[in-house]
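1. sharing a sequence plus its predicted fold:
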Amino acid sequence: MQGNSRISGLTTRELEILSLLAAGRADKEIARALHLHEFTVQLHLRHILRKLNVGNRVEAVKATARLLATTHRQGQR
């Protein structure tokens, strides 16, 4: 359950950024896609890293995949 709370602690915008991050998009591309300034994307990314308790964007994507897989498995029980 702790994993699910970490995902649910992300804002809608942070989830959008995380999704684009998982697709391999750079900060500048994410900013363009979401009509944001690149600095704003970087600020959201810092919040995502803190909330997921990871050190970089690759770890954030991996942690999210693990958390979602765990949540999915728990829902199948």
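-> Looks like it arrived, so ask away.
2. in contact with the residue positioned nearest the centre of the chain, which residues?
-> Nearest to the mean C-alpha position of the chain, by Cα atoms, centre = their mean, lies residue 18 at 3.2 Å. Residue 18 makes contacts with 10, 48, 60, 61, 64, as judged by Cβ atoms under 8 Å, 6 or more residues apart in numbering. Backbone N, C-alpha and C define where each C-beta goes, glycine included.
3. swap in 10 Å and give it another go.
-> Contact analysis of residue 18 by Cβ atoms under 10 Å, 6 or more residues apart in numbering lists 7, 10, 30, 44, 45, 48, 52, 57, 60, 61, 63, 64.
4. pLDDT wise, what is it at?
-> For residue 18, the pLDDT comes out at 95.
5. when you give positions from now on, start the count at 41
-> Yes, from this point I'll number from 41; that puts the last item at residue 58.
6. what residues of the strand or helix carrying it count as buried?
-> Assigned by DSSP states H and E, residue 58 belongs to helix 52-62. Buried residues in helix 52-62, counting neighbours by 16 or more other Cβ atoms under 10 Å, are found at 54, 56, 57, 58, 60, 61.
7. which residues does the third one contact?
-> Residues near residue 57 by Cβ under 10 Å, 6+ apart: 50-51, 65, 67, 70-71, 73-74, 76, 80-82, 84-85, 87-88, 97, 100.
8. my guess is residue 56 meets residue 75, correct?
-> No - using Cβ atoms under 10 Å, residue 56 makes no contact with residue 75, being 11.2 Å away.
9. count the residues that sit near residue 83.
-> 12 (other Cβ atoms under 10 Å).
10. and it, what pLDDT?
-> On the pLDDT scale, residue 83 gets 98.
11. what does residue 95 show for phi and psi?
-> Backbone torsions of residue 95, given as degrees, to the nearest 10, read phi -100, psi -20.
12. how about it: what's its closest non-neighbour residue?
-> Ranked by Cβ to Cβ, 6 or more residues apart in numbering and with sequence neighbours excluded, the top spatial neighbour of residue 95 is residue 89, at 6.8 Å.
13. I'd guessed the one you found sits against residue 99; true?
-> Yes - between residue 89 and residue 99 there is a contact at 7.9 Å, judged by Cβ under 10 Å.
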